[in-house]
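**Q** Requesting a structural model of the entry that follows:
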Amino acid sequence: MTNNDFYWYWFTNIAGIGVKTQKKLLEHFGHPSTIYNAPESEIKGILTTGQCKEVIASKNQKKIEASIRKLEKREIYFFHRESQEYPERLANFSKPILAIVGARRATIYGRKMAREFAKSLAECGIQIVSGMAAGVDAAGHKGALDANGYTLGVLGGGIDT
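**A** Prediction:
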C-alpha cells in the first residue's frame, strides 16, 4: 500500500460525502492527501457543518489501515485513478455515457425495450452504464454488447458488503 492508496481509500469512504462534494474538495485542494492534512478551519470554509464533522471524524489512520487490511485478506484490492492497475478506459472516457437502470423483475417488454434502446445507443457511440442488476440493467448491458459497444457496471454498494 502506498501513501496515495491510503489517502484515496480514506477520501472515497468518508460518510456523507458524495461525488459532487468530492469534486469540490479536489478542485480546491488538488489531492486527497492535501485534504487529509488540511486544517479544520480550511475545510469548514468549503463544506457544511455536518460534512466537515464527517471529514474530521474519518481521519483515523489505524481504522483506515485496518479496513484496507481486511479487504486485502479477502483478496479485494482498492484501485484509484493514480493506481498503475487503474483501467485506462475508465481514466479516459471520451464518449458520452447513458445509464440504463430499472426494475429487476421487469416485464418481457421492458427488458426487450431496454436491450433495443441500449443497442441503438451503443451503435451511435454512446457508452451504456448501469448497476448490473437483473432485469432492465442486464438487458441494457446485453444491448450494448449486441452492438459491440462499451458497457460499464457500477456496484450499488461496496464489494465488501
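
**Q** dump the residue contacts of the residue nearest the centre of the chain.
**A** With the centre of the chain defined as its mean C-alpha position, the nearest residue by C-alpha atoms, centre = their mean is Val154, 6.8 Å away. By C-beta atoms under 8 Å, 6 or more residues apart in numbering, Val154 lies in contact with 129-132. C-betas here are computed from N, CA, C, even on glycine.

**Q** Dump the residues you listed to TSV, plus secondary structure.
**A** Putting these into TSV (DSSP: H, G, I helix; E, B strand; the rest coil) gives the following:
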residue	secondary structure
Val129	strand
Ser130	strand
Gly131	coil
Met132	coil
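
**Q** Where neighbours are concerned, which of these has the most?
**A** Top of those by neighbour number is Ser130, holding 25 neighbours under the definition other C-beta atoms under 10 Å.

**Q** packing partners for the longest helix seen in the chain?
**A** Selection of the longest helix in the chain by residue count, based on DSSP state H, yields helix 108-123. Identification of packing neighbours for helix 108-123 by 3 or more C-beta pairs under 8 Å, 6 or more residues apart in numbering; DSSP states H and E yields strand 127-130, helix 136-146.

**Q** mind saving the C-alpha coords of stretch 21-40 as CSV?
**A** The C-alpha coordinates for stretch 21-40 follow below in CSV (Å, rounded to 0.1, in the frame of the first residue of the first chain):
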residue,chain,number,x,y,z
THR,A,21,-18.7,17.2,-2.8
GLN,A,22,-15.6,15.1,-3.6
LYS,A,23,-15.2,17.0,-6.8
LYS,A,24,-15.5,20.3,-5.0
LEU,A,25,-12.8,19.2,-2.5
LEU,A,26,-10.5,18.0,-5.2
GLU,A,27,-10.9,21.2,-7.1
HIS,A,28,-10.0,23.2,-4.0
PHE,A,29,-7.2,21.1,-2.5
GLY,A,30,-6.0,19.1,-5.6
HIS,A,31,-5.4,15.8,-3.9
PRO,A,32,-6.8,13.7,-1.0
SER,A,33,-3.6,13.9,0.9
THR,A,34,-3.9,17.7,1.0
ILE,A,35,-7.5,17.4,2.2
TYR,A,36,-6.4,14.9,4.9
ASN,A,37,-3.7,17.2,6.2
ALA,A,38,-5.7,20.4,5.8
PRO,A,39,-6.6,22.3,9.0
GLU,A,40,-10.2,22.1,10.1
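
**Q** For stretch 33-51, list every residue counted as buried.
**A** Within stretch 33-51, the residues that count as buried by 16 or more other C-beta atoms under 10 Å are 33, 35-36, 38, 43-44, 46-47, 51.
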